[in-house]
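1. this one's structure only:
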Ligand SMILES: Nc1nc2[nH]cc(C(=O)O)c2c(=O)[nH]1
Ligand code: SF4
Ligand SMILES: [Mg+2]
């Protein structure tokens, strides 16, 4: 029998717990929310704004990642009087088993659970049952990640077909827009948000101005990065 350490089944690698703050992105932007940021990612996007969750060449893993019991994370969330909880990363689905346990506990306690994911790992049934909305953010060529790693059509179809996903794309320029037009035609993704890349107020505002007309022309919604407009690059916001 495989000798699994109990901690490997009951703990999550956590980067930070924060909030209440305002969900800054996607369909729930502007809503009060708590955030659970998990550590670890299976991609390495050039413009990543949370490299402290995965880039162990630049950051110290022991300092940036804490093993926490699923129950401990859940009780922190439930102790706060805010009903929306956003689980993000990193890539939360690299810990899918324990993420599913957390999401189920939170849903059982009456919380609305959103998961921010890069869409490369298909969600399992327990996770789908517990999550209210998956904000699926597949990476485009501007991320610098090779296409076979960042776009996994089978996983994207699983999100699309679960009925709980919206798709949110970070756009860094015209090549990303063209790639999204093609992806939409190929995969029929449903509701799409586009969002500028940027960690300063001026970069986000300029990006949103550049995206407004392409969004309207292609049937897409436009997402702000509200937390960046309000607080810049401050961590834990
Ligand atoms: N306020 C706020 N909203 C967010 N929406 C998605 C975030 C993320 O880092 O995934 C995020 C974040 O870091 N802060
Ligand atoms: S998928 Fe998200 S967390 Fe992972 S490297 Fe890309 S932007 Fe960063
Ligand atoms: Mg962020």
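-> Here it is on my side, so go on. Everything numeric here is computed off the predicted structure, so don't read it as measured data. Ligands and ions are numbered 1, 2, ... in the order given.
2. low-confidence stretches in the chain?
-> With pLDDT under 70 as the threshold, the chain has low-confidence stretches at 1-9.
3. try 90 this time
-> Regions of the chain meeting the criterion pLDDT under 90 cover residues 1-10.
4. could you look up the SS state of the residue nearest to the spatial centre of it?
-> To find the centre residue of the chain, average its C-alpha atoms and take the closest one (CA atoms, centre = their mean): that gives residue 116, at 2.1 Å. In the three-state summary, residue 116 is assigned as strand, counting by DSSP: H, G, I helix; E, B strand; the rest coil.
5. and for residue 129?
-> Reduced to three states with three-state DSSP, the structure at residue 129 is helix.
6. that one: neighbour count?
-> 14 (other CB atoms under 10 Å). To be clear about C-beta, it is placed using only N, CA and C from the backbone, and glycine gets the same treatment.
7. ok, back up a step: the residue nearest to the centre of the chain: what's it in contact with?
-> Residue 116 sits next to 25, 86, 87, 88, 89, 92, 135, 137 when contact means CB atoms under 8 Å, 6 or more residues apart in numbering.
8. for the last one, which non-adjacent residue is spatially closest?
-> Translated: residue 137. The shortest distance from residue 137 to any residue that is not its chain neighbour, by CB to CB, 6 or more residues apart in numbering, is 4.7 Å, and that residue is residue 168.
9. swap in the first one?
-> Nearest residue to residue 25, sequence neighbours excluded (CB to CB, 6+ apart): residue 223, at 5.2 Å.
10. same thing with the fourth one?
-> When the adjacent residues along the chain are set aside, residue 88 lies closest to residue 116, with 3.9 Å between them (CB to CB, 6+ apart).
11. flag every residue of this protein that's near ligand 2.
-> Proximity of the chain to ligand 2, by CB under 6 Å from any ligand atom, involves residues 41, 43, 44, 45, 48, 50, 53, 89, 90, 91, 118, 139.
12. okay, among those residues, which ones form the most distant pair?
-> Checking these against each other with CB to CB, the farthest-apart pair comes out as 53 and 139, at 15.1 Å.
13. number of nearby residues for residue 25?
-> 21.
14. next up, the contacts around it.
-> Counting by CB under 8 Å, 6+ apart, the residues that residue 25 touches are 116, 135, 168, 193, 195, 223, 224, 225, 226.
15. now the two most distant members of those residues.
-> In terms of CB to CB, those reach their longest pairwise distance at 116 and 224, which sit 15.1 Å apart.
16. how much space separates residue 98 from ligand 2?
-> Shown here: residue 98 relative to ligand 2, a distance of 18 Å by CB to the nearest ligand atom, to the nearest Å.
17. coming back round to it: let me see the contact set for the residue nearest to residue 25.
-> For residue 223, the set of contacting residues under the criterion of CB under 8 Å, 6+ apart consists of 25, 26, 29, 168, 193, 194, 195.
18. is the lengthiest strand in the chain in proximity to ligand 1?
-> Of all the elements of type strand in the chain, the one with the most residues (DSSP state E) is strand 11-22. Yes: in this structure, strand 11-22 sits against ligand 1 according to CB under 6 Å from any ligand atom; the contacting residues are 21, 22.
19. please name the strands paired to that strand in the sheet, noting orientation.
-> If you go by DSSP bridges, strand 11-22 pairs up with strand 32-38 (antiparallel), strand 66-69 (antiparallel).
20. which residues touch the first one?
-> Identification of contacts with strand 32-38 by CB under 8 Å, 6+ apart yields 12-23, 50, 53, 73, 77, 80, 82, 84-92, 95, 99, 102, 114.
21. can you turn the buried part of those residues into a ChimeraX selection?
-> In ChimeraX, the members of the contacts of strand 32-38 classed as buried (16 or more other CB atoms under 10 Å) are selected with the following command:
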select :12,13,14,15,16,17,19,21,22,23,50,53,73,77,84,85,86,87,88,89,90,91,92,95,99,102,114
